[in-house]
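> Requesting a structural model of the entry that follows:
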Amino acid sequence: MSNPLLNISTESRSRVEQNLLARVLRALHLDGPLLIGILGVLLFSLLALYSAEGQQIRELLDQVVRMLLAFAALLFMAQINPVWLRRGAPFIYALGLLLLILVLATGEIGKGAQRWLDIGIRFQPSEIMKLGVPLLLCWLLHERALPPSPGVVAMVIILTFLPAGMIAVQPDLGTAILIVLSGAVVIFLAGLGWRYIVAATALAAAAMPALWMVMHDYQRKRVLTLLDPESDPLGAGYHIIQSKIAIGSGGVFGKGWLNGTQGQLEFLPERHTDFIFAVIGEEFGLFGALFLLAIYLFIVGRGLYIAANAPDTFSRLLAGTLSTTFFFYVFVNTAMVMGLIPVVGVPLPLVSAGGTSMVTLMACFGILMSIHTHRKLVAR
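Numbers count the residues shown, from 1 in each chain. Okay, the predicted model is just below:
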């Protein structure tokens, strides 16, 4: 027979451990469910990158270091009261603009693009604007009547397209599109009337010919390749053809970890960055891809829950925008890899190799946690 005293002791110990963990999370201003979702994606990332990088331990350790730096950014941002974020929003935006100007003037060129600054650490200032634009727009709308007036909408458009245009000429069309989407999400969550949404959609459609004229040749070729990738199977269509082969060959259950052919035999380009979702589809199959997407949706859902329970307009708009924009990051990458939209060079969030993007995203998650854990302290 079991000893009741031993059972009581075990249950008591379990409660003590749970209470201790809860106190630690509260002390660090971390949200447990959101943290679990993030750690789940990061673990999946290590498995996928180890395969995509050719089973190189050194590359995997480099990614672990990036993850630790990103987690440090999350911890730092989680400690900052949203009131201070609101007050600092104009300065963060101004700093981002200044750095973008420096990129256009003196930035390093790599792979035909001028996107990087090297100040001892090589980074992309455009990543700062993924946070700077939502912060400034939420600050702008915080104490204004909602839904916003036409004049405020015009200000939002200018403040969004100014950095987006500077990023587009680097050229980095993918990041520019994501920044425009973040601005659109802020104004939509602020209650923009449907007549403005319809008008903006019509205006965007009318501007397509002008956009086509200013696009680079390689960008036009990506759009045409989307319609008919087999027209240039060894050139512009090569990436998407190999990606579709990888995903399709994975089937329902996948070929097994480290057993992919398109990735392991290096037929798939950029398999550790933009096209890592194709590696996941090939090795883990439909179930593995859906499992990862389910974790992503859990993270987005938790972020929207935090937004719904935020105490003021700034926090609600910011949490909602960061969560929804994260969803767009996932959608754009996965749709690109599956050939549903043109290739725009957007990494898979928290999974693709790279440091700057991961640090930015983790800082955004730190802000979400700060909004949730500081909600009783935020000035209304």
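> mind checking how far stretch 178-185 is from the chain centre?
From the chain centre to the centre of stretch 178-185 is a distance of 12 Å (Cα atoms, centre = their mean, to the nearest Å).
> Repeat that for stretch 39-47.
Centroid separation between stretch 39-47 and its chain, computed with Cα atoms, centre = their mean, is 15 Å.
> For the helix or strand where Asp62 lies, which residues meet the burial criterion?
Per DSSP states H and E: Asp62 is located in helix 57-78. Neighbour counts over helix 57-78 (16 or more other Cβ atoms under 10 Å) mark Glu59, Leu60, Gln63, Arg66, Met67, Ala70, Phe71, Ala73, Leu74, Leu75, Met77, Ala78 as buried. Backbone N, C-alpha and C define where each C-beta goes, glycine included.
> Looking at the residues you listed, spot the one nearest Val156.
Of all the buried residues of helix 57-78, the one with the least separation from Val156 (Cβ to Cβ) is Met77, at 23.7 Å.
> Now the helix holding Asp62 - C-alpha only, PDB.
This file holds the C-alpha atoms of helix 57-78, laid out as PDB (Å, rounded to 0.1, in the frame of the first residue of the first chain):
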ATOM      1  CA  ILE A  57      28.300  21.900 -34.500                       C
ATOM      2  CA  ARG A  58      30.100  25.200 -34.800                       C
ATOM      3  CA  GLU A  59      27.200  26.800 -36.700                       C
ATOM      4  CA  LEU A  60      24.800  25.400 -34.200                       C
ATOM      5  CA  LEU A  61      26.800  26.900 -31.300                       C
ATOM      6  CA  ASP A  62      26.800  30.200 -33.100                       C
ATOM      7  CA  GLN A  63      23.000  30.100 -33.200                       C
ATOM      8  CA  VAL A  64      22.800  29.200 -29.500                       C
ATOM      9  CA  VAL A  65      24.900  32.300 -28.800                       C
ATOM     10  CA  ARG A  66      22.500  34.400 -30.900                       C
ATOM     11  CA  MET A  67      19.600  32.900 -29.000                       C
ATOM     12  CA  LEU A  68      21.200  33.800 -25.600                       C
ATOM     13  CA  LEU A  69      21.700  37.400 -26.800                       C
ATOM     14  CA  ALA A  70      18.100  37.600 -28.000                       C
ATOM     15  CA  PHE A  71      16.900  36.200 -24.700                       C
ATOM     16  CA  ALA A  72      18.900  38.900 -22.900                       C
ATOM     17  CA  ALA A  73      17.100  41.500 -25.000                       C
ATOM     18  CA  LEU A  74      13.700  39.900 -24.000                       C
ATOM     19  CA  LEU A  75      14.600  40.000 -20.400                       C
ATOM     20  CA  PHE A  76      15.800  43.600 -20.600                       C
ATOM     21  CA  MET A  77      12.700  44.800 -22.400                       C
ATOM     22  CA  ALA A  78      10.400  42.900 -20.000                       C
END
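> give me the number of residues near Leu258?
Other residues near Leu258 come to 13 when the count uses other Cβ atoms under 10 Å.
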